[in-house]
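J.: With the input below, show me the fold.
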Amino acid sequence: MIRISHLLAAGWLLAIFVVSCEPGGVDTSSISTDPADIRSGEHTFAQDCSPCHSFRQDGIGPNLAGITREISADWIKRFIVNSQEVIDEGDPRGKELFNRFHVYMPPFGMYPEDKLDKIVAYLHTFDEALPVEQGQEGALLNPVVESISNSGITVPLELFTEIPFSSDEMPRTRIVKMDHIPGSDRLFVADLRGQFYEIINQLPLLVLDLNKVYPHFIHKPGLATGFGSFAFHPDFLKNGLLYVSHTEPPNTKPADFAYADSIKVTLQWVLSECKVKDPLADKFEVEESELFRINMVTGIHGMQEIAFKPDLKPSDADYGKLYVNIGDGGSAENGYTFLADNPGTAWSAILKIDPSGNNSANGAYGIPSDNPFVGSSQALPEVYAYGFRNPHRTVWDSEGRMLTTGIGHHRIEEINLIQAGHNYGWPYREGTFLLNPFGDMNNVYPLPPKDEREYTYPIAQYDHEEGNAISGGYEVTTDQLPELKGKYIFGDIVRGRLFYINMGDIQPGSQAPVYEWNISWEGAQTDLITLCGATRVDLRFGKDAESNLYILTKADGKIYRLLSEVL
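T.: Numbering: from 1, shown residues only. This is a model prediction of the structure:
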């Protein structure tokens, strides 16, 4: 079975199948046409491949329609088993795409031959891709011309802790978020597979397992399916309120945010309030209540961030208001742009709700009176801002400004300064570039001379020459990291590169320069690819109550602390 953590790499490198064929016909006589085999392959594809691939057009991975008619089944299977071996043997197309995407697909030698055959059987049911308007004229091959320069800053790391394996197979862990209880030094880490750990004396202790709280909990399909995020109420130590997002199968319960039943539902994201009976206990016993659930077209771009604005007083208007980041669910690249570019829907939006209220449509939460669309007949009152493909991480800087990183489609990664009521452009913009969601979404174009759509553009961006998917971080405020103080640090999920922008360079309407910084391990400069011993880092960042900063490498469960000695 193709593991979820490697699907991004798998997606890119499966493109090699399409371009590595020899001229002439392909013998497909060995491919099974047995309906049972096809159904089995379809099940595997739906669970493990559909988050990255479709048969309509490119997504995270390529359009796979017609693939078996362009390259042999044996070649496809061999590549799945060990892509690096095929590439290193000198396959020219493989090398060409590796140079483009800078990542190997991990080997899958453990997969039995019959499962590989069934995947191929399902792929074979799709004829060649339908023609898509290519729109190559005017497309930008290198959208962000300026290369990221290296600052020369090198920060030492130390191993802080390792999270227990949540699977016997790769990836062994799927850690996604690290945060602390407000007003406390208690530090917690979530694993997508449902485990919730407290770090005590640098040792992880299991405090809660969502598999035991939610009987319908699932952690696939999708690169970010499962225990998506958590947020402690600002007064958690007194009220014990913990908020979590997680996934369940389609139609588990009626969704509060749904669409026409002619559109597929792959899964549901659920936002819940968990009342912890004893907030000081070393094991959390909870009573949960559901705030809302939302249907998703595919297993990607879900509810990957929930957060409270920190450091507020109870008298502040935003105190206790929960921000909920919801992606487009893959709707745009599957032809349902009306779900994404629309403040009247919950997709592609950052919502702001009051968990203690009850004036929502379902009565389970409140609508803050200062939300920008309150009273509008054309928009959901929950919507705070919209037009996001995948609003992955949100933090607030020392001035109270809200920064959200957005994972891009095929060209641009971005950092957005969030302003109430603003439209950030997806799926008609990617970064500061025009995108045509009805054509080839691999291409971006210069903005029109008269840009009349009134979109809000990112305050920083980089293109896929530099990385693949942005991982949001934090403003560095501690004196323990003097060379990074006054900078917002972030990185690239896949390649593990580490970046920053200067806080003083953040200006609405312009893009701050991006710089790279470095790490060292045991006195020698290194990088996260080397430390992980893997070709996909799965980078995340964390922060504790004392503003110490951490690097999480999701697949191997390791957490590193940034040290104060700067080389």
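
J.: elements contacting the helix or strand encompassing residue 289?
T.: For residue 289, the host element (DSSP states H and E) is strand 286-296. Counting contacts by 3 or more CB pairs under 8 Å, 6 or more residues apart in numbering; DSSP states H and E, strand 286-296 packs against strand 241-248, strand 267-276. To be clear about C-beta, it is placed using only N, CA and C from the backbone, and glycine gets the same treatment.

J.: export those to JSON lines and tack on mean neighbour count, distance to residue 70 and mean pLDDT?
T.: Formatted as JSON lines, these follow (neighbours: other CB atoms under 10 Å; distance: least, CB to CB, whole Å; pLDDT from 0 to 100):
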{"stretch": "strand 241-248", "mean neighbour count": "24", "distance to residue 70": "34", "mean pLDDT": "99"}
{"stretch": "strand 267-276", "mean neighbour count": "22", "distance to residue 70": "31", "mean pLDDT": "99"}
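
J.: Make TSV from these and add distance to residue 308 to it.
T.: Below are the helices and strands packed on strand 286-296 laid out as TSV (distance: least, CB to CB, whole Å):
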stretch	distance to residue 308
strand 241-248	8
strand 267-276	13
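
J.: so where's the protein shaky on pLDDT?
T.: 1-24, 46-47, 50-52, 59-61, 97, 100-103, 106, 128-136, 565-567 (pLDDT under 70).

J.: So which bits of the strand holding residue 289 are buried?
T.: Residues 286, 291-296 are the ones in strand 286-296 that count as buried (16 or more other CB atoms under 10 Å).

J.: And for stretch 116-124?
T.: Buried, per 16+ other CB under 10 Å, within stretch 116-124: 116-124.

J.: which outside residues touch that stretch?
T.: By CB atoms under 8 Å, 6 or more residues apart in numbering, the residues outside stretch 116-124 that reach it are 2, 28, 31-34, 37-38, 40-42, 44-45, 49, 64, 67-68, 73, 76-77, 80-81.

J.: before we move on, the earlier item: ok now the strand holding residue 289, how far from the chain's centre?
T.: Strand 286-296 sits 20 Å away from the centroid of its parent chain (CA atoms, centre = their mean, to the nearest Å).

J.: mind listing what residue 508 touches?
T.: Shown in contact with residue 508 (CB under 8 Å, 6+ apart): 417, 419, 456, 459.

J.: That should have said residue 282, apologies.
T.: 198, 200, 205, 207.

J.: which of these are buried?
T.: Buried, going by 16+ other CB under 10 Å: 198, 207, out of the contacts of residue 282.

J.: how about the buried residues of strand 286-296 in TSV, adding distance to residue 531?
T.: Formatted as TSV, the buried residues of strand 286-296 follow (distance: CB to CB, whole Å):
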residue	distance to residue 531
286	35
291	39
292	39
293	38
294	37
295	39
296	34
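
J.: quick one: what helix or strand has residue 165 in it?
T.: Applying DSSP H and E, one finds residue 165 in no helix or strand.

J.: so what's it closest to, chain neighbours aside?
T.: residue 172 (4.1 Å; CB to CB, 6 or more residues apart in numbering).

J.: Distance check, the one you found against residue 304.
T.: From residue 172 across to residue 304, the span is 21 Å (CB to CB, to the nearest Å).

J.: Looking at those two, which one has more neighbours?
T.: residue 304 (25 against 16; other CB atoms under 10 Å).

J.: surely the more buried one meets residue 394?
T.: No. Counting by CB atoms under 8 Å, residue 304 stays clear of residue 394, with 10.0 Å between them.
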